[in-house]
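Trainee: quick one: sequence and predicted model below, then my questions.
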Amino acid sequence: MYIELKNINKSFGDFKASDNVSFGIEKGKLIGLLGPSGSGKTTILRMLAGLEKQDSGDIFINGKNVNKLASSERGIGFVFQSYALFPFKTVYDNIAYGLKVQKKDKAYIKQRVTELLELVGLPDTANRYPDQLSGGQRQRIALARALAPQPELLLLDEPFAAIDAKVRKELRTWLRETIDKIGITSIFVTHDQDEAIEVADEIVITNKGRVEQVGNPVEIYLEPKTPFVAQFIGQSAIIEDFSRLKGFESDKSDLSAVIRPEFIEINKFEDSGYHQFESAMEDGIVEDISFRGSNFEVHTKINGITVTGRYPLNAPRLKKGDKVKVLIKKLYTINNDSTEILVNKALDDSELYYI
Ligand code: ATP
């Protein structure tokens with residue numbers, strides 16, 4: 001592993017911001033640290049950068065224990081949440097800053113700044129000041145500045161948090177491509193699951209100072225290992241007492257589970273007669289329906305439980321109060337500390353391949 005955190009603990013007063021955090025990162029990977037606000041993401045980043053000292057545990061970069069190394073000796077580039085460019089320096093001087101600190105010669109600095117401006121797609125902005133740039137452009141320059149001294153590791157703390165949704169989406173794709181081009185090991189903090197899922201090679205999920213799960217986005221999405229991850233990822237909802245539902249009957253009662261819209265198939269009552277899993281379907285009544293662009297979102301009451309599913313645009317229209325047949329394909333059960341995938345008994349595994 002190129003980066004390793006081993007049994008890291010960190011408290012602020014009585015508050016445990018990192019609780020025995022351990023994970024490793026392979027060289028060249030882009031890692032998303034994903035978790036709710038206050039779950040300890042930034043604290044992990046700051047300890048890696050040497051801006052905060054852990055109470056116990058070890059941090060290794062490229063096999064070397066960096067516990068005692070100052071921030072400036074760790075070979076790390078940092079891009080912050082808010083634009084941390086120097087407001088009274090030009091773009092050129094902002095990017096050149098780290099190189100001047102390293103006492104590089106003028107010709108090298110000029111060549112490196114020009115190369116970085118090309119890399120971030122803003123070759124004509126060298127003489128501008130930060131307030132003459134858009135938010136997205138400022139973050140591109142912040143990235144160029146972080147990369148200038150050729151760090152071994154790049155840390156990004158919610159780099160696009162202050163940017164509006166559309167530009168943010170473009171910047172994500174751009175960040176992924178840029179990082180691929182230079183092949184630098186990178187970690188970015190986000191509380192936006194779409195951002196992590198789209199951009200990261202691996203996701204580390206944090207909750208209350210602990211690491212809940214580490215995995216690639218598909219694993220995290222399809223195979224959550226803890227009830228927290230099952231609930232945090234996807235458009236998840238909790239249903240209580242699911243053993244009342246067809247296909248999930250069990251002797252135990254009061255069991256709760258996580259369900260997502262894609263686990264639910266909704267059919268208009270009259271159209272469901274020929275369905276291969278008719279016997280496994282619940283009768284339901286449409287409580288609410290809203291248009292979501294590529295589909296409808298339908299809230300349906302089945303057996304006293306409201307579930308939310310998606311309904312295709314090209315199927316016969318539904319309205320509030322309509323009778324429907326609902327097939328629940330799978331659930332994630334919630335036990336104390338673990339979660340299991342529970343498949344509707346009527347379906348075989350092949351049917352679940354696409355969910
Ligand atoms: P966010 O997404 O809101 O930035 P986060 O997951 O990055 O959250 P951290 O910033 O790591 O969370 O903070 C974790 C917890 O530690 C928070 O409850 C925060 O208030 C607390 N904390 C962080 N830094 C300090 C500090 N210097 N002094 C006291 N408490 C701190």
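Mentor: Sure, I can see it.

Trainee: just the CA coordinates of the top helix by length along the chain, formatted as PDB?
Mentor: Across the chain, the helix with the greatest residue count (assigned by DSSP state H) is helix 165-182. Coordinates of the C-alpha atoms in helix 165-182 are reproduced here as PDB (Å, rounded to 0.1, in the frame of the first residue of the first chain):
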ATOM      1  CA  ALA A 165     -24.600  22.000  -9.300                       C
ATOM      2  CA  LYS A 166     -24.100  22.100 -13.100                       C
ATOM      3  CA  VAL A 167     -20.500  23.400 -13.000                       C
ATOM      4  CA  ARG A 168     -19.800  21.100 -10.200                       C
ATOM      5  CA  LYS A 169     -20.700  18.100 -12.300                       C
ATOM      6  CA  GLU A 170     -18.400  19.200 -15.100                       C
ATOM      7  CA  LEU A 171     -15.600  19.800 -12.600                       C
ATOM      8  CA  ARG A 172     -15.900  16.300 -11.300                       C
ATOM      9  CA  THR A 173     -15.400  14.800 -14.700                       C
ATOM     10  CA  TRP A 174     -12.500  17.200 -15.300                       C
ATOM     11  CA  LEU A 175     -10.900  16.400 -12.000                       C
ATOM     12  CA  ARG A 176     -11.100  12.600 -12.700                       C
ATOM     13  CA  GLU A 177      -9.500  13.100 -16.200                       C
ATOM     14  CA  THR A 178      -6.800  15.500 -14.900                       C
ATOM     15  CA  ILE A 179      -5.800  13.200 -12.100                       C
ATOM     16  CA  ASP A 180      -5.700  10.200 -14.500                       C
ATOM     17  CA  LYS A 181      -3.400  12.300 -16.800                       C
ATOM     18  CA  ILE A 182      -0.900  12.900 -14.100                       C
END
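
Trainee: who are the packing partners of that helix?
Mentor: When contacts are defined as 3 or more Cβ pairs under 8 Å, 6 or more residues apart in numbering; DSSP states H and E, helix 165-182 packs onto helix 106-119, helix 135-147, helix 193-199. Backbone N, C-alpha and C define where each C-beta goes, glycine included.

Trainee: same thing but 7 Å
Mentor: Contact partners of helix 165-182 among helices and strands, from 3 or more Cβ pairs under 7 Å, 6 or more residues apart in numbering; DSSP states H and E: helix 135-147, helix 193-199.

Trainee: okay, those helices in a markdown table with distance to the ligand next?
Mentor: Converted to a markdown table, the helices and strands packed on helix 165-182 look like this (distance: least, Cβ to the nearest ligand atom, whole Å):
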| stretch | distance to the ligand |
| --- | --- |
| helix 135-147 | 17 |
| helix 193-199 | 12 |
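
Trainee: please identify the most buried of those.
Mentor: Among the helices and strands packed on helix 165-182, helix 135-147 has the highest mean neighbour count (mean count of other Cβ atoms under 10 Å), at a mean of 23.

Trainee: how many neighbouring residues does residue 13 have?
Mentor: Residue 13 is flanked by 6 other residues according to other Cβ atoms under 10 Å.

Trainee: check what pLDDT residue 152 gets.
Mentor: The confidence metric pLDDT takes the value 90 at residue 152.

Trainee: enumerate the residues of the stretch 1-150 of the chain near the ligand.
Mentor: Contact residues, the stretch 1-150 of the chain versus the ligand (Cβ under 6 Å from any ligand atom): 12, 15, 17, 35, 37, 38, 39, 40, 41, 42, 43.

Trainee: hmm, try it at 5 Å
Mentor: Selection of the stretch 1-150 of the chain residues close to the ligand by Cβ under 5 Å from any ligand atom yields 12, 17, 37, 38, 39, 40, 41, 42, 43.

Trainee: which SS class is the third one?
Mentor: Read it as residue 37. Recorded secondary structure, residue 37: coil (DSSP: H, G, I helix; E, B strand; the rest coil).

Trainee: the closest residue to it other than its chain neighbours and the ligand: what is the separation?
Mentor: Ranked by Cβ to Cβ, 6 or more residues apart in numbering and with sequence neighbours excluded, the top spatial neighbour of residue 37 is residue 191, at 6.0 Å. Residue 191 sits 5 Å away from the ligand, going by Cβ to the nearest ligand atom, to the nearest Å.

Trainee: what residues are up against residue 191?
Mentor: Each residue near residue 191 by Cβ atoms under 7 Å, 6 or more residues apart in numbering is listed here: 34, 35, 36, 37.

Trainee: kindly indicate which of those residues lies nearest the ligand.
Mentor: Minimum distance to the ligand across the contacts of residue 191 is 3.4 Å, recorded for residue 37 (Cβ to the nearest ligand atom).
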